[in-house]
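J.: model this:
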Amino acid sequence: MNDEPETGPAERRLDEHLELLRATPPEPSTALVPRVVRKARLQSYLRAPLRVVGMIGLAFVHGLAALVGGSRKSS
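T.: Predicted structure coming up:
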């Protein structure tokens, strides 16, 4: 009795491609590390201003909800 499920042609082709990839992994480009570092720095520079914009937007929505909804109290 075989516990493994039957594999179709697509799964077999995928296994073949993955075996080739395992045998000869691609070399990363020399520009990869500088690109990743540049993107990480950009994200860290933008994080604080975007958080402030988000907090201002949230405060605006809460204020608008308070104006439109009034002061409802749940019993």
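J.: C-alpha only now, for contacts and for neighbours.
T.: Fine.
J.: ok, the most centrally placed residue in the chain to residue 20 distance?
T.: The centre of the chain sits closest to residue 43, judged by C-alpha atoms, centre = their mean, with a distance of 13.2 Å. When distance is defined by C-alpha to C-alpha, to the nearest Å, residue 43 is 35 Å away from residue 20.
J.: quick revisit: any idea which helix or strand carries the residue nearest to the centre of the chain?
T.: helix 32-69 (DSSP states H and E).
J.: Run the chain-centre distance for that helix.
T.: 16 Å (C-alpha atoms, centre = their mean, to the nearest Å).
J.: Let's test this: mean pLDDT of that helix, rounded?
T.: In this model, helix 32-69 carries a mean pLDDT of 95.
J.: Which strands and helices lie in contact with that helix?
T.: Judged by 3 or more C-alpha pairs under 8 Å, 6 or more residues apart in numbering; DSSP states H and E, helix 32-69 has no packing partners among the helices and strands.
J.: ok, how many other residues are close to residue 69?
T.: For residue 69, the count of nearby residues is 9 (other C-alpha atoms under 10 Å).
J.: before we move on, what about residue 18?
T.: Neighbourhood size, residue 18 [other C-alpha under 10 Å]: 13.
J.: same thing with residue 63?
T.: Residue 63 has 12 nearby residues by other C-alpha under 10 Å.
J.: For residue 52, see how far away it is.
T.: Relative to residue 52, residue 63 is positioned 16 Å away (C-alpha to C-alpha).
J.: Ok, residue 32 next?
T.: Counting by C-alpha to C-alpha, the gap from residue 32 to residue 52 is 31 Å.
J.: just the CA coordinates of stretch 12-23, formatted as CSV?
T.: Taking C-alpha atoms only, stretch 12-23 is exported to CSV below (Å, rounded to 0.1, in the frame of the first residue of the first chain):
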residue,chain,number,x,y,z
ARG,A,12,6.4,15.6,-12.1
ARG,A,13,7.6,18.5,-14.3
LEU,A,14,7.8,20.8,-11.2
ASP,A,15,9.9,18.1,-9.4
GLU,A,16,12.2,17.9,-12.5
HIS,A,17,12.7,21.7,-12.6
LEU,A,18,13.3,21.8,-8.8
GLU,A,19,15.9,19.1,-9.1
LEU,A,20,17.7,21.1,-11.8
LEU,A,21,17.5,24.2,-9.6
ARG,A,22,18.9,22.3,-6.6
ALA,A,23,21.8,20.9,-8.7
